[in-house]
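**Student:** got a structure for you, letters missing:
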């Protein structure tokens, strides 16, 4: 059975799209046929992050307008087998049609084991898409504003019956404990109130590779963190790559 996963965040700048791209790459590199559906209409970035900026000839907007089928809007990521992307439209005024988007995901279940939806904003249409996912991944950084917003969004999703939620704490610097303005990671988990799936370090390699459209080097801290998260999604009991004590 394939699994639809919605990746979301309480505010911008958490690394939601970066998480979608690198988690998808980790799953694909483990042999899982993986599709990313990008919904950040007008502000797309995953074609750059996944190295297919000049290869993506169509996007989900073309499909929603009825000019092509969804397979024609799907682009193969070249630097890894098993990974494909449906880009967001460049049109910022096009409405997200949740029924059609979820129709895309249901249709793609026949072709992919994991379908990762990179959500955008917190509008009603986005909530409808998130509600249809089997798993919601909440991406938060360990700062007070982001943690509070993540907790509020998580509570709202519970009200909307999106109860299967997991937390990814992103951009954790090695010296975060020394900054009194930041939470420790145990407090982040307690405040957001959902189970922890993984912790991703502040790793400049993630930023550089995303900007250049390159895969993360397997031995960098970021790649190790995303691989550990992917393994947990597959049911493996693996330790965190960052010590949270």
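**Tutor:** Received, thanks. Predicted model only: the values in this text are computed from it and were never measured.

**Student:** counting contacts, what elements does the longest helix seen in the chain pack onto?
**Tutor:** Longest helix of the chain, by residue count under DSSP state H: helix 144-159. The contact analysis (3 or more C-beta pairs under 8 Å, 6 or more residues apart in numbering; DSSP states H and E) places helix 144-159 against helix 124-131, strand 135-140, strand 165-172, helix 185-192. All C-beta spots, glycine's among them, are computed from the backbone N, C-alpha and C.

**Student:** just the mean pLDDT for it, thanks.
**Tutor:** Mean pLDDT, helix 144-159: 92.

**Student:** contacts for the lowest-mean-pLDDT helix or strand in the chain next, please.
**Tutor:** Every helix and strand of the chain was ranked by mean pLDDT, DSSP states H and E. The lowest is helix 124-131, at a mean of 73. Residues outside helix 124-131 that contact it (C-beta atoms under 8 Å, 6 or more residues apart in numbering) are 6, 8, 39, 95-98, 101-102, 117, 119-120, 136, 156-157, 160-162.

**Student:** ok so, going back, tabulate the helices and strands packed on helix 144-159 in CSV, adding columns for mean neighbour count.
**Tutor:** Shown next, in CSV, are the helices and strands packed on helix 144-159 (neighbours: other C-beta atoms under 10 Å):
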stretch, mean neighbour count
helix 124-131, 18
strand 135-140, 24
strand 165-172, 23
helix 185-192, 18
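
**Student:** of these, which is nearest residue 18?
**Tutor:** strand 165-172 (7.8 Å; C-beta to C-beta).

**Student:** chain center to the closest one: distance?
**Tutor:** 11 Å (C-alpha atoms, centre = their mean, to the nearest Å).

**Student:** what does stretch 163-170 give?
**Tutor:** With C-alpha atoms, centre = their mean, you get 11 Å for stretch 163-170.

**Student:** any regions of the protein where pLDDT drops low?
**Tutor:** Residues of the chain meeting the criterion pLDDT under 70: 42, 121-125, 175-182, 241-245.

**Student:** show the residue spans covered by the strands in it.
**Tutor:** Remark: strands assigned in the chain by DSSP state E are 3-8, 34-38, 74-76, 83-86, 114-118, 135-140, 165-172, 196-201.

**Student:** what angle separates the last one from strand 165-172?
**Tutor:** This means strand 196-201. 10 degrees (axes from the mean of the first three to the mean of the last three C-alpha atoms, to 10 degrees).

**Student:** give me the buried subset of the contacts of helix 124-131.
**Tutor:** 6, 8, 39, 96, 98, 101-102, 117, 119-120, 136, 157, 162 (16 or more other C-beta atoms under 10 Å).

**Student:** what's the closest of those to residue 87?
**Tutor:** Using C-beta to C-beta, these come closest to residue 87 at residue 39, 10.2 Å.

**Student:** how about that closest one, nearest residue that isn't a chain neighbour?
**Tutor:** Leaving aside its sequence neighbours, residue 39 sits nearest to residue 120 (C-beta to C-beta, 6 or more residues apart in numbering; 5.0 Å).

**Student:** correct me, but that neighbour touches residue 40?
**Tutor:** Yes. Shown here, residue 120 and residue 40 form a contact pair, counting by C-beta atoms under 8 Å, at 3.8 Å.

**Student:** for residue 213, which non-adjacent residue is closest in space?
**Tutor:** residue 51 (3.3 Å).
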